[in-house]
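Predicted model and sequence below, questions to follow.
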Amino acid sequence: MRPRLGFLGTGWIGRHRMAALAATGLAEIVAVAEPDDNGAAEALTLAPGARRVDGLDALLRENIDAVVIATPSAAHAEQSIAALNAGKAVFCQKPLGRTGPEVAAVIDAARRADRLLGVDLSYRQTAAMGAIRPLLEAQALGHVFGVDVTFHNAWGPDKPWFYDPKLSGGGCVVDLGVHLIDLALWSLGWPEVTGVESRLYAKGAPLADPSVQVEDYAVATLDLAGGTVVRLACSWGLQAGREAVIAAEFFGTQGGASLRNVNGSFYDLRAERHHHIRAESLSEPPDDWGGRAAVDWLARLASGARFDLDTRHLETVARVIDRIYGR
């Protein structure tokens, strides 16, 4: 099967994922729905056989098998549900929904339609995590009792809707923390989260009401069944001395392992295994990982994959985010 794809939203991230999917040769890109003329024109240079259509309804009337969604967060759940109800598979940018109930509704739609649902949780696909996760699965580090996950973006988003909680669902936690929570729980095999504590800040002061203002700095502690503790920190605009600080660090009774970004890069990631004070390199940049989650989804779609029970963990992550926000 060579799936026929429609793209909803072709800003920078949408075009990047389009380029990655087109390069595989596994799919035919049929149509593009993008209100911005420049964004649409650039997308059509990547897929010269595609045509531009006006919005999701028009896209769903095309002869397509799946929709790739890269629109503002407020629309993700509704657009995904509409596509699934129309019998189309979906690959959506994160977050899939602004709240746990929104994400649950999308998963229910995918289950009813028996269609493949994917979300762009791309850090799972890095070479660094590809080297670390087998160590965790084999219990090579012993009992992993502590996990530190960090994502500080020294710039922060440049679009106003990110700062409106009604549109975004929250600030740096729903934008960056979603990656961290997913990475920690996925790496450990989805243990139950038994407790959540958090502190949220906006411009240096405790966040008074997350329903009217978004946080730009957050710390949270997740207690997991089995005794593991996860410490999470994320931010926008932090005075970090570099563009980004990204890390996932695993501490076990028989060793440790870490994913860390290199020289403040958003893209260059290094993995190491730790033997007390000695570090062993597991993977080094360069690693072109940005489009791999989309490519993995497409490969499964092309092989005939339908609804995947593991999709339920998207709701697990969303419910943890709800608990961090106290909702």
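That came through fine.

Flag the shaky bits of the stretch 151-300 of the chain, pLDDT-wise.
By pLDDT under 70, the stretch 151-300 of the chain has no low-scoring segment.

Quick one: the strands in it, in order.
Taking DSSP state E, counting those that start in this stretch as the test, the strands found in the stretch 151-300 of the chain are 193-202, 205-206, 217-224, 229-236, 244-252, 255-261, 269-275, 278-283.

mind listing what's buried in the longest one?
To tie it back to what came earlier, the one meant is strand 193-202. Judged by neighbour count (16 or more other CB atoms under 10 Å), strand 193-202 contains these buried residues: 193, 196, 198, 200, 201, 202. The C-beta positions use only the backbone N, C-alpha and C, and glycine is treated the same way.

Now for the most centrally placed residue in the chain: which residues touch it?
Centroid check for the chain by CA atoms, centre = their mean gives residue 121 as the closest residue, at 2.9 Å. By CB atoms under 8 Å, 6 or more residues apart in numbering, residue 121 lies in contact with 94, 178, 179, 182, 183, 186, 293.

from those, which single one is nearest residue 148?
Distance to residue 148 across the contacts of residue 121 (CB to CB) is lowest for residue 183, with 11.4 Å.

May I ask you to confirm that the closest one is in contact with residue 248?
Yes - between residue 183 and residue 248 a contact is recorded at 5.4 Å, counting by CB atoms under 8 Å.

Give me the common contacts of these two.
123, 129, 149.

Pull out the buried members of these.
Using 16+ other CB under 10 Å, the buried members of the shared contacts of residue 183 and residue 248 are 123, 129, 149.

Give me the buried positions along whichever strand or helix holds the last one.
Secondary structure assigned from DSSP states H and E places residue 149 in strand 144-153. By 16+ other CB under 10 Å, the buried positions in strand 144-153 come out as 144, 147, 148, 149, 150, 151, 152, 153.

from those residues, which is closest to residue 3?
Residue 3 has its nearest neighbour among these in residue 151, at 31.9 Å by CB to CB.

nearest to residue 279, of the buried ones among the shared contacts of residue 183 and residue 248?
For those, the closest approach to residue 279 (CB to CB) belongs to residue 129, at 17.0 Å.

by contact count, what packs against the helix or strand where that closest one lies?
Secondary structure from DSSP H and E places residue 129 in helix 127-137. The contact analysis (3 or more CB pairs under 8 Å, 6 or more residues apart in numbering; DSSP states H and E) places helix 127-137 against helix 178-187, strand 244-252, strand 255-261, strand 269-275, strand 278-283.

can you list those in TSV and add distance to residue 3 and mean neighbour count?
What follows is the helices and strands packed on helix 127-137, written out as TSV (distance: least, CB to CB, whole Å; neighbours: other CB atoms under 10 Å):
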stretch	distance to residue 3	mean neighbour count
helix 178-187	25	23
strand 244-252	32	21
strand 255-261	31	21
strand 269-275	30	19
strand 278-283	31	13
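
before we move on, the earlier item: got the confidence number for the residue nearest to the centre of the chain?
At residue 121, the predicted lDDT confidence score is 97.

Backbone dihedrals for it, both of them.
Dihedral pair for residue 121: phi -90, psi 80, per degrees, to the nearest 10.

With the one 5 residues further on instead?
Comment: the main-chain dihedrals of residue 126 come out as phi -70, psi 150, following degrees, to the nearest 10.

Just the buried residues of stretch 78-96, please?
Buried, per 16+ other CB under 10 Å, within stretch 78-96: 79-84, 86, 88-96.

I meant to write stretch 211-226 there.
Here stretch 211-226 shows 213, 214, 215, 216, 217, 218, 219, 220, 222, 223, 224 as buried, counting by 16+ other CB under 10 Å.

the domain parsing of the protein - what is it?
4-120+291-307, 123-288 (automatic domain parsing).

Could you point out which of the ones you listed sits nearest residue 317?
Per CB to CB, nearest to residue 317 of the domains of the chain: domain 123-288, 5.0 Å.

and the end-to-end length of that closest one?
11 Å (CA to CA, to the nearest Å).

and residue 91, helix, strand or coil?
strand (DSSP: H, G, I helix; E, B strand; the rest coil).

Near the nearest residue to it once chain neighbours are set aside, how many other residues are there?
Spatially, and ignoring its direct neighbours in sequence, residue 91 is nearest to residue 118 (4.3 Å; CB to CB, 6 or more residues apart in numbering). Residues contacting residue 118 under the criterion other CB atoms under 10 Å number 24.

Just confirm residue 118 is within a strand.
Yes - counting by three-state DSSP, residue 118 is part of a strand.

got a pLDDT number for it?
pLDDT, read off for residue 118, is 98.

quick one, phi psi at residue 54?
phi -100, psi 90.

That one contacts residue 34, doesn't it?
No - counting by CB under 8 Å, residue 54 does not reach residue 34; the two are 9.8 Å apart.
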